[in-house]
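**Student:** for reference, the sequence and a predicted model appear below.
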Protein chains: 4
Amino acid sequence: MASYNNAQLADQIPFSRYPPWVLSKLRPQAVDLIHRVYKWVETECIPAEQIMKAQVAQNRWKTAPLMHELRKKAKSQGLWNIFLPNHFKESPGLTNLEYSCCAEIMGQTYWAAQTMNCHAPETGNMELLAKYCTDAQKEKWLRPLMNGDFSSAYSMTEPDKATSDATNVSCRITQDGDEYVINGRKLYGNALWNEEMKLYILMGCSDPGNPDVWKRHTMLLVPSNSKGLTMRRNLTIMGYDHAPEGHGEYIYNNVRVPKENVILGEGRAFEIAQGRLGPGRIHHCMRLIGQCERAYELALLRCKDPRKRPRGKYIGQFDSNIERLATMRIEIDALRLVVLNAADTMDAKGNKAGRYVIAQSKILVPETAAKIVDTCMQMYAGQGLTQHTPLPEIWTYARFVRVADGPDAAHRHQVGRDQLKLHEETRKRHQAYAERARALRKTWGIENPDAELDWEYVPPTAPKL
Amino acid sequence: MASYNNAQLADQIPFSRYPPWVLSKLRPQAVDLIHRVYKWVETECIPAEQIMKAQVAQNRWKTAPLMHELRKKAKSQGLWNIFLPNHFKESPGLTNLEYSCCAEIMGQTYWAAQTMNCHAPETGNMELLAKYCTDAQKEKWLRPLMNGDFSSAYSMTEPDKATSDATNVSCRITQDGDEYVINGRKLYGNALWNEEMKLYILMGCSDPGNPDVWKRHTMLLVPSNSKGLTMRRNLTIMGYDHAPEGHGEYIYNNVRVPKENVILGEGRAFEIAQGRLGPGRIHHCMRLIGQCERAYELALLRCKDPRKRPRGKYIGQFDSNIERLATMRIEIDALRLVVLNAADTMDAKGNKAGRYVIAQSKILVPETAAKIVDTCMQMYAGQGLTQHTPLPEIWTYARFVRVADGPDAAHRHQVGRDQLKLHEETRKRHQAYAERARALRKTWGIENPDAELDWEYVPPTAPKL
Amino acid sequence: MASYNNAQLADQIPFSRYPPWVLSKLRPQAVDLIHRVYKWVETECIPAEQIMKAQVAQNRWKTAPLMHELRKKAKSQGLWNIFLPNHFKESPGLTNLEYSCCAEIMGQTYWAAQTMNCHAPETGNMELLAKYCTDAQKEKWLRPLMNGDFSSAYSMTEPDKATSDATNVSCRITQDGDEYVINGRKLYGNALWNEEMKLYILMGCSDPGNPDVWKRHTMLLVPSNSKGLTMRRNLTIMGYDHAPEGHGEYIYNNVRVPKENVILGEGRAFEIAQGRLGPGRIHHCMRLIGQCERAYELALLRCKDPRKRPRGKYIGQFDSNIERLATMRIEIDALRLVVLNAADTMDAKGNKAGRYVIAQSKILVPETAAKIVDTCMQMYAGQGLTQHTPLPEIWTYARFVRVADGPDAAHRHQVGRDQLKLHEETRKRHQAYAERARALRKTWGIENPDAELDWEYVPPTAPKL
Amino acid sequence: MASYNNAQLADQIPFSRYPPWVLSKLRPQAVDLIHRVYKWVETECIPAEQIMKAQVAQNRWKTAPLMHELRKKAKSQGLWNIFLPNHFKESPGLTNLEYSCCAEIMGQTYWAAQTMNCHAPETGNMELLAKYCTDAQKEKWLRPLMNGDFSSAYSMTEPDKATSDATNVSCRITQDGDEYVINGRKLYGNALWNEEMKLYILMGCSDPGNPDVWKRHTMLLVPSNSKGLTMRRNLTIMGYDHAPEGHGEYIYNNVRVPKENVILGEGRAFEIAQGRLGPGRIHHCMRLIGQCERAYELALLRCKDPRKRPRGKYIGQFDSNIERLATMRIEIDALRLVVLNAADTMDAKGNKAGRYVIAQSKILVPETAAKIVDTCMQMYAGQGLTQHTPLPEIWTYARFVRVADGPDAAHRHQVGRDQLKLHEETRKRHQAYAERARALRKTWGIENPDAELDWEYVPPTAPKL
C-alpha cells in the first residue's frame, strides 16, 4: 500500500499538487484510494472521452454503453460511493479532505464522477435519504441508488420565482386523503427522458399561510413515472443539452404520491435543506479545479506546439503568455488551498460551522475558474472555441456552477450580512483603542485636538434603522 | 421624409442613442433609412426569432423559409445591400458612419443583417469582388451575390498553422496546365452543407520560396461543388453549430479551378487582404453593440419583474444592481462612441488611415461586450444560461468576435508596435523639455543636482538591439 | 492664424490626438488658441516643474514667485480666463468642446491651469458668481477673481455628514439682525494659510425644518478674514499636502457676515448648486486625460531606455509591455472620446441635458486613469513610486477625482436610478414584440407552448413596492 | 500557559482567523507568544500611533523616544527577535508558520515589528550575517544588531540599471591594497540621516569580466560613516518620506572598506542573495494581511457610522457595500491561506523548495491587498484619502511591496518559465492518453477520423528555437 511518506509518490501528480499540510493528513488508505482514482481517470476516462461523445451522439437520451461498463468495472474495484461519509457502513471512510482530493481528479473528465457513483445530484440525494428517511424509504430508494440501479434528481428551482431565496418556492402541495397532490413548475433536475431516472426529490409549499416561513415547505419522494408529471423540454446551458442527463423543465399537474413519501414530515423541508448543500458545493469546486488543471495543461501544450508559431516563435516565447501561465498556475493553486481548507474545516468542525468556508469556495472558485479557462481558450485563438478542445465545455461547467445553488450575489449577501453582525464587537475594540490612546497621550504630553475626526474616532453604537 | 432636425425623432430609439455630433452628420436619406431599418428589425425580425429557430430546427442545414421570405420582402423595400459604399452604382450611398447606425440595429437579432444581404462574410466578399475582380468574374460571382441568389465564404484560417499571422497560411496552390491545384485544410468558412453556398474565396500559398513573404500568397475563386473539396464536419462555437450557415472544416484534396479564377493575379493575396477587413470589423462591433442593447433591455426588464423578488424586493431595488445597470449603460455608450468614431475616421481619411481606430474597436468592443452580457446573464441567475433568454447566444457571439480575424493579442501587438515607433519623436520632445529646464533653472537660480535621475532625465537614443 | 484645414497641423500634437469630428468643429480662433496653450505648457510649464517644486519647498504656504510671473505673462498673452463661456463679455468665446481641448493640454502639468486662471475651484466659483450674484457682489468679488487679484474656495463637504447627498449639509446658518451667523465644520476648500485666499463660498443649512428639503440650504459669501473662521489643519491627500493651495479643515464658530452676502437668496442653495458642477467635472476629466498622456509618454520612454535592460532586452521588447502600451493607448483615446462628447453635448443641449454624459465621464475617467497611471508606475518598477517621476502625483490626482464631487457610487446610483425609469417604456416595447410574435406564429403555423417562459415572455407592469 | 486546545481562545482574535490546520500546528509556546504579541500590538502600538506621528513630526530623522521606550519594554518581555529561526541559540524557536501568525499581528501598525526588532530590512540582514559571516564579523555587527544597538540597511538597487535582474548590478568594487574601493550609486536602503544607521550591506560588481555571470558580484559590510559615502536625498514613496527610517539615494565615491569586510568571499554575492529573500517576502506579505484586516475593520465601522447616512440609510444597508465586505473578507482569508501555506512549506521542505510558494505570495498578496485597501478608502469617500484614516499609508505600503524585491512581472516570469519546463512531461502524459484512446476506440469500434485535429492530438516534441 502506498504511503504519504513515500517521497517518490509525493513528487508525482496528483500528490505533487497538494500542499504539505494536506499530504500529512492523508491516511495511507486514502493515499491508496487517491492513487487508484487517479489511475482510473487517466486510463479509463480521459482517453475514452471521444467514445463517450460518439455513443451519446447516437442515442442522446440513453446512458451510454461505455458508462454502464465503466460503472460496473469501477464498482468491482471498490471505486464506488467513495464520497460517502464515515457514518455509512458502506463508506470507505474518507474525510472530506481526502475525498476532495479524489473529486479534483474526477473533475478532469466531466463524467468521471459518474463512473464511481459520485456525481451530482446523486451524492447530495443519497446523503439526504440516508440522513432523513425511514428504513422503509431507504430500502426502496436509497439502496438501489447506492447500488447504482437507477438515478435521481432534486427539484427545487422554479421558473417564475426567485428561488435563490428558497422561501419563495411555490409549487403547491395539498393533501387529499392518503395522498399528496402536487401542482406547479420546476426547472433543473435531470431529464425524465433518460429511462434511468426514477426519482425526484421535490421541495414544495404545503402550508403557505404558516406564520413561520421556515415551516411552510415539505419534501416529497416523487417517482418519475407519476401520472401528471411531464417534462416540457430540456434546458440547455449555454447551448449544451448535457444529454443524456440533461436539465428538465417540468410540469406537475395534479401529481399524486402516497403520504408515506413525505421526507421527515410536513413542513420540515428547510430542516432537510440545511444539511444538504455544503459537501456538494465543495465537490463541485474541487471538480472545477480538476477542470482548470486540464485546461491549464492544454494551454501549456499549446505554448510549445511546433505548428503554431506566429512570427516564428512558440507562443510560449512571448512573455505575455509566460505571465498568463504564471498567473493561472498561482490562482489555481490558491483556489485549491481555499477548497481543501473548507473540506478540512468541515472535518474539524462540522458542516454547519463550515458555512462560511463553503461560501468562500462557492464564490471564489467558479468565477476564477471561468476566467482561467477563458484565458486558455484565448491562447488557442480560433480553435479554442470549437470542439477541437474540451475548453468550451469546461468553461460552460464553471459558468454553470456560478448560478447553481444560487448566484454569487446570494452567497455574497449571506457572507456580508454575517460580517455586519461583527460590527458592534469591532466597534468596542476600537473604543478600547481610543480610551487607551487618550491615556497614553496624557502620559506623553501629546494632545490631539482632532481626535474626534481622526482615526482615533470611534462612532457610537449604531441605532437600529 | 424624416429629418434629423426633427426633435421628436431625436428623442426616440434608435436616434436617442446617438451623440449630437453623429446626429448632425446623418443626412436626411440616411435618417430615413435608419428609421426604416429600425422598424424592419422591430417588426419583422425580433418577433420572429422563435419561428426562425423552429424552422431551422426542422431542417438544420437549409436556409429557413422565413429567411427567404424576409429577404424577398426587404429587397423589395430597398433594404438591401445598404452596406455598399458610395462607389457602387447600386449603393444607397451611406457613409460608414451612417451604415454603422444601421448595423447596430441589425445586431439586435443575430440574423437580421442577412435579411438585408448585409451579413458577414458576404459584405466583405462583395467588396473584395467589386474592388479586385475582372468584369467577367463580377458578372459570374458578384452579380448573383448582390442579387442574393447564393452565398459565399472566405477561407483563410488553417487548423495547423498560426494564421493570425497570415504569412503562415500554407494551403498549397500549384499550377498544372490551365488550372490551379489546391491541397490543404481550412477552418471556418460557412458550411458546404447548405446548398445556397456556392463560392469560397480561398487564400493559399502559391510561391513558398519567394524571398518577399508578402508575395507568396494568392487568392482564388473556388466553386463549392469543386471535386476534391469536402467538408469534414461543422465546427461548433462554444457548443453552437450556428446552422444553417455553420463554420466548416474543409479538406482540399487536389481541387482544381481554372486559371481565370485567380483574383487580381498570383502572389497578390496580401494586396487584397489589406483592404478587406476594416469595414467588416466595424460592422461586427456595431452589431455587438446592438446585441448589448438587447441584453441590457432584458436586464432592465428583470430588474422589475414582479415574479422575481428575493427577500421581497425587486432585484432592481438592490443598489448593487443599480450600479450594474449604470456601469453597463456607461460602457455600452462608450463603446458606441469608439466605433462610430472609427467609422467616421474611415469616412474622413479612408480605410488605411483608419487602421488604428479599427483595431481600437476590435480590441475594446468584443471583450467589453462579453463582460456586459455576462453580467446580464448573472442577473437572470439560473435562467440566464438557458434558452429562456437569448443571452447565451449573444454572449457566444461576443466571445467569437474576440477570436475572429485574429485574437485580441494580435491586434494589441500591432497597435503596441506602432506605438513604439513614436519613441524617438517622444524622446526628442522630452529632450527639449530638459534643455529648456536647464535654461530656466539658470534664470531662476535653482540647481537640481539630481536632474540626471529625475523626471528631467531623458535617455539617449536607443541603439537597435 | 492657424486653421484646422492645415493638414500639417492636424498631424501634430495636440491636434493629432483629436478625432476628425472634433477637428472639424474647432473654429480657426480656437485652433489658434489651442496651439498657443500647447506652446505655453510645453515651453513655460512642463520644463519649469522642478523650479516650482523648489520654490514651494522654500515657502510652503505662499504662492511661488514663478506662479506670479507666469500668471502675469499668460494674462498679457490673452491666455487668461479662457474657460469662460460665451455669455461673458470677457470670454474668448470657446465652446465647451474647444475649451476641453485646452484643458487636456493644461492637465499635463498639475498647475498649468492656474497660470491661465483656469483652475479649480476658481472656474466654478467665477461661473457661479457671474450667474447668480448682484452687480454689487460681482464688483466686489467676481472682478478681482477674474483679474487674478486673489483666490477663492468652495465650502460644502463636512466631516461628520454624508454630504455626497448634499441635503445632509448641516453647517448652521442663523440670522441675527443684519447678519448671518455660521456655526459648523467644513472639509476641503483651499487653505486659509495662503494669503491669496480671500473668499469662501459656503453652503449651509438655514432652515432645517422646511418640509421641502431642497429649500433648507443657503449660499453665502464669506471673507476669509472673518472672525471665528479658523483652519484647524491642512488635509493631505494620499500624503500630499498640495501646498500652497492645500485642502483645509475649517471650524466656523459664530462667524458673522452681512446679509448682503447671501447669494441669490435664502433657501436657494440647490438652485445654484445644480448649475455649478457640470463643466468643472469635464475640466477635471480632460486634465486627467492630459495627465494620462504625460504618464504614457514616460512609459514609452522607459520602454527603450538603454540603461534598463533586464535579461539584455529593452523592456519594450517584452510583448507583455507592448500589450500594455496598446491597452493604455486605446483606453486613453476612448476616454477622450467620452469626455469630448460630453462637452459637445453640453454645447448642443445645455448643461442640464448633459447630466448623463457628465456622469459618464466622471465615473469612467478617474477610475480608468488611475489604473493606467498605475501601470506606468509599475513599468518603472522601484523608481516609479519615487520622486524620480511625476507618476505618483499624477496617480494621486486621478484617485482624488474619484472622490471629489461625490464618490463613484453616488454617480452610478444617479445614472442607475434614471435608467430604471425607462423600465415601463422598455416593457411596453417588449410587450409589442410578444404580440407581434403571437401573430407571426399564427401566420407560420408555429406554436410555442413555452412562450410564457421564454424570451417572448414580458412581465406585467411592476407594482410600486 | 495558553493552549490551542482552549476552545475559548480559538474563538478569539487572532486565533479565530486561523484555519483549523494551522491551529493544530501551533505549539503551546507559540500560542502563548502569539497571544502576547497580540496584546502588545493592541495595547502598546495601535493606540500609540498618533503619539509616534507627533514625535516623528518634531524630529523627522531621529528615532522617536516612544520607539526607544517600546523596544526596551518589548525586549524585557521576551518579545524580541522572535523572527529568528531555530538554529539561533537566542531563537524562541518559532516555525515559519508560527512566526507568520505573529507577523500578521505586527502588520496592523506599520512600526510594531520594529518595537520587537523584527522589522525589515533588519531581519533579513541578521539572518544573512548569522549564516555567512565569520565569528569576528558577527561579534562586531550581528551582536549589536540583535541587541538592538543600531540599525542596518541592504544596498542593492541602482538607479540606472534594471537590477530586478541582479546580474545587472554595476556598482564597482575594486581592490587597492588591503582595501576594497567602491564607486557607484544605490537606491533604497534606510537613511543615513538617522544616526542609528550604522551598517550597509552592499552588493557590487567586483569582477565584471568573469565569464560566469553568477560569480561577478561581491557583498561587503560598509560602515555608514565611511568617507565618500553620501546620501543625496531621501526617496519618497508615493509622496511619503517614511521618516525616520526613509529610503536613501546614495553615492559611493571611492568609499574604502578593509578587506575583512567581505562577506563569505569575493564573487559569492549570489550564493548569499539566494538564501536571503524568501522569509522576508513572507513577512512582508503577512504584515500586509494584518494591514488588510485593519483596513477592513475600518470599513466595517464605516458601514454603520450613524453620522454617515446618505439617503437616510447606513452605507452598510446598501447591498453593494454588503457585497464589498463579503468580497474583501473572502479575499483576505484566501491570501492568508496562501501565505501560511508558503510558511508551512518552508518549514516542511526548506527555503529553496519554497521558491514557488514564496513567489505565489509575493505576486498575489500585494496586488490584492492594494485593491482591498482601495475599496476601503472609497467606502470612506472624501475622508478616505486624508489623514483622517490610516488607509492611505496602508495602501502605500501594499503598493510599495508590489515593487520591492522586484516588480510582479519579474516574479511572474520566474514562475512562468519554470512552468514551461513541465511542457515535455505534460506532453508525454497526453501522448499516453492518445495512444490509449486509439486502443479504446478499436475496442469499441469507434473511429475518429479527426483525431489529429481534436483534443486527442498531441504535438510532437518541441524543437529548441
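**Tutor:** On my side now, so go ahead. As the structure is a computational prediction, the values presented were derived from the model and not from experiment.
**Student:** is any part of the helix or strand where A:K428 lies close to chain D?
**Tutor:** Per DSSP states H and E, A:K428 falls inside helix A:423-444. Yes. Contact of helix A:423-444 with chain D (CB under 8 Å from any CB of the partner chain) involves A:423, A:426-427, A:429-430, A:432-434, A:436-437, A:439-441, A:444. (Each C-beta comes from the backbone N, C-alpha and C, glycine too.)
**Student:** so which of those is the closest to chain B?
**Tutor:** The shortest approach to chain B among the residues of helix A:423-444 next to chain D belongs to A:H423, at 19.1 Å (CB to the nearest CB).
**Student:** contact partners for the residue nearest to the closest one when sequence neighbours are not counted?
**Tutor:** Using CB to CB, 6 or more residues apart in numbering or on different chains and skipping the chain neighbours, the partner closest in space to A:H423 is D:K304 (5.0 Å). Taking CB atoms under 8 Å, 6 or more residues apart in numbering or on different chains, we find D:K304 in contact with A:L420, A:H423, A:R427, A:P459, A:A462, D:Y314, D:G316.
**Student:** which two among these are spaced furthest apart?
**Tutor:** Maximum pairwise distance in the contacts of D:K304, criterion CB to CB, is 14.0 Å, between A:L420 and A:P459.
**Student:** what's the burial count for whichever residue of the stretch 1-150 of chain A sits closest to chain C?
**Tutor:** Distance from chain C to each residue of the stretch 1-150 of chain A (CB to the nearest CB) is smallest for A:W61, at 18.8 Å. A:W61: 18 surrounding residues under other CB atoms under 10 Å in any protein chain shown.
**Student:** just to revisit the earlier point, of the residues of helix A:423-444 next to chain D, buried ones?
**Tutor:** A:H423, A:T426, A:R427, A:H430, A:Y433, A:A434, A:R436, A:A437, A:L440, A:R441, A:W444 (16 or more other CB atoms under 10 Å in any protein chain shown).
**Student:** to what extent is the residue nearest to A:H119 when sequence neighbours are not counted buried, counted in neighbours?
**Tutor:** Nearest residue to A:H119 in three dimensions, chain neighbours excluded: A:A113, at 4.1 Å (CB to CB, 6+ apart). When neighbours are defined as other CB under 10 Å, A:A113 has 26 of them.
**Student:** element containing A:A113, please.
**Tutor:** helix A:112-115.
**Student:** and A:A30, what is it in contact with?
**Tutor:** A:L94, A:T95, A:E98, A:C101.
**Student:** pull the most distant pair out of those residues.
**Tutor:** The largest separation in those, counting by CB to CB, is between A:T95 and A:C101 at 9.8 Å.
**Student:** so between those two, which is more surrounded?
**Tutor:** Ranked by neighbour count (other CB under 10 Å), A:T95 and A:C101 place A:C101 first, with 27 against 19.
**Student:** report the buried residues of the lengthiest strand in chain A.
**Tutor:** Assignment by DSSP state E gives strand A:248-258 as the longest strand of chain A. Buried positions in strand A:248-258, judged by neighbour count with 16+ other CB under 10 Å: A:G248, A:E249, A:Y250, A:Y252, A:V255, A:R256, A:V257.
**Student:** A:G354: which of those residues is nearest?
**Tutor:** Among these, A:G248 lies closest to A:G354 (CB to CB), at 30.6 Å.
**Student:** thought that closest one was touching A:T230?
**Tutor:** No. Using CB atoms under 8 Å, A:G248 makes no contact with A:T230, being 9.5 Å away.
**Student:** what do these two both touch?
**Tutor:** Here A:G248 and A:T230 share the contacting residues A:L192, scored by CB under 8 Å, 6+ apart.
**Student:** shaky segments in chain A?
**Tutor:** A:1-8, A:275-277, A:453 (pLDDT under 70).
**Student:** my read is A:N183 is in a strand, agree?
**Tutor:** Yes. With DSSP: H, G, I helix; E, B strand; the rest coil as the criterion, A:N183 is part of a strand.
**Student:** beta partners of it?
**Tutor:** Note on A:N183: beta-bridge partners A:R172, judged by DSSP bridges.
**Student:** do I have it right that it meets A:D176?
**Tutor:** No. Contact criterion CB under 8 Å: A:N183 and A:D176 do not qualify, at 11.4 Å.
**Student:** so how far is D:F15 from A:Q360?
**Tutor:** Distance, A:Q360 to D:F15, using CB to CB, to the nearest Å: 18 Å.
**Student:** quickly find the element holding A:M203.
**Tutor:** Assigned by DSSP H and E, A:M203 falls in strand A:197-205.
**Student:** quick one, helices of the stretch 301-450 of chain A?
**Tutor:** Here the stretch 301-450 of chain A has its helices, by DSSP state H, counting those that start in this stretch, at A:319-349, A:355-379, A:391-403, A:408-420, A:423-444.
**Student:** pull the residues that contact the last one.
**Tutor:** Think helix A:423-444. A:447-448, A:451, A:456-459, A:461-462, D:42-43, D:46-51, D:55, D:66, D:297, D:300-301, D:303-304, D:316.
**Student:** got the angle for that helix vs helix A:408-420?
**Tutor:** Angle, helix A:423-444 to helix A:408-420, by axes from the mean of the first three to the mean of the last three CA atoms, to 10 degrees: 50 degrees.
**Student:** in the stretch 301-450 of chain A, what residue lies closest to chain C?
**Tutor:** A:S320 (4.1 Å).
**Student:** wait, what's in contact with that residue?
**Tutor:** A:S320 neighbours (CB under 8 Å, 6+ apart): B:A409, C:F318, C:D319, C:S320, C:I322, C:E323.
**Student:** distance of A:I282 from A:I289?
**Tutor:** 11 Å.
**Student:** overlap of the contact sets of these two?
**Tutor:** A:V339.
**Student:** between the helices of the stretch 301-450 of chain A, which one is nearest to A:C133?
**Tutor:** Nearest to A:C133 among those is helix A:319-349; the distance by CB to CB comes to 22.4 Å.
**Student:** buried ones in the closest one?
**Tutor:** Using 16+ other CB under 10 Å as the test for burial, helix A:319-349 gives A:319-348.
**Student:** right, and A:E260 touches A:A136 too?
**Tutor:** Yes. Counting by CB under 8 Å, A:E260 touches A:A136, with 7.3 Å between them.
**Student:** and these two? Which one has more around it.
**Tutor:** A:E260 (12 against 9).
**Student:** so what's that one up against?
**Tutor:** A:E260 neighbours (CB under 8 Å, 6+ apart): A:A136, A:Q137.
**Student:** Three-state assignment for it, please.
**Tutor:** Classification of A:E260 by three-state DSSP places it in helix.
**Student:** which parts of the stretch 101-250 of chain A sit against chain B?
**Tutor:** A:157, A:159-162, A:164-165, A:168, A:187-188, A:235-240, A:247.
**Student:** give me that answer again for 7 Å
**Tutor:** Selection of the stretch 101-250 of chain A residues close to chain B by CB under 7 Å from any CB of the partner chain yields A:157, A:159-162, A:164-165, A:187-188, A:235-240.
**Student:** filter those down to the ones near chain C?
**Tutor:** Contacts with chain C within those, as defined by CB under 7 Å from any CB: A:P159.
**Student:** so which of the residues of the stretch 101-250 of chain A next to chain B are in strands?
**Tutor:** Per DSSP E, the subset of those in strands is A:L187.
**Student:** just give me the closest of the residues of the stretch 101-250 of chain A next to chain B to A:W395.
**Tutor:** A:M238 (8.2 Å).
**Student:** what number of residues lie near the closest one?
**Tutor:** Residues contacting A:M238 under the criterion other CB under 10 Å number 24.
**Student:** show me what contacts it?
**Tutor:** The neighbourhood of A:M238, defined by CB atoms under 7 Å, 6 or more residues apart in numbering or on different chains, consists of A:T396, A:R399, B:M238, B:G239, B:L385, B:P392.
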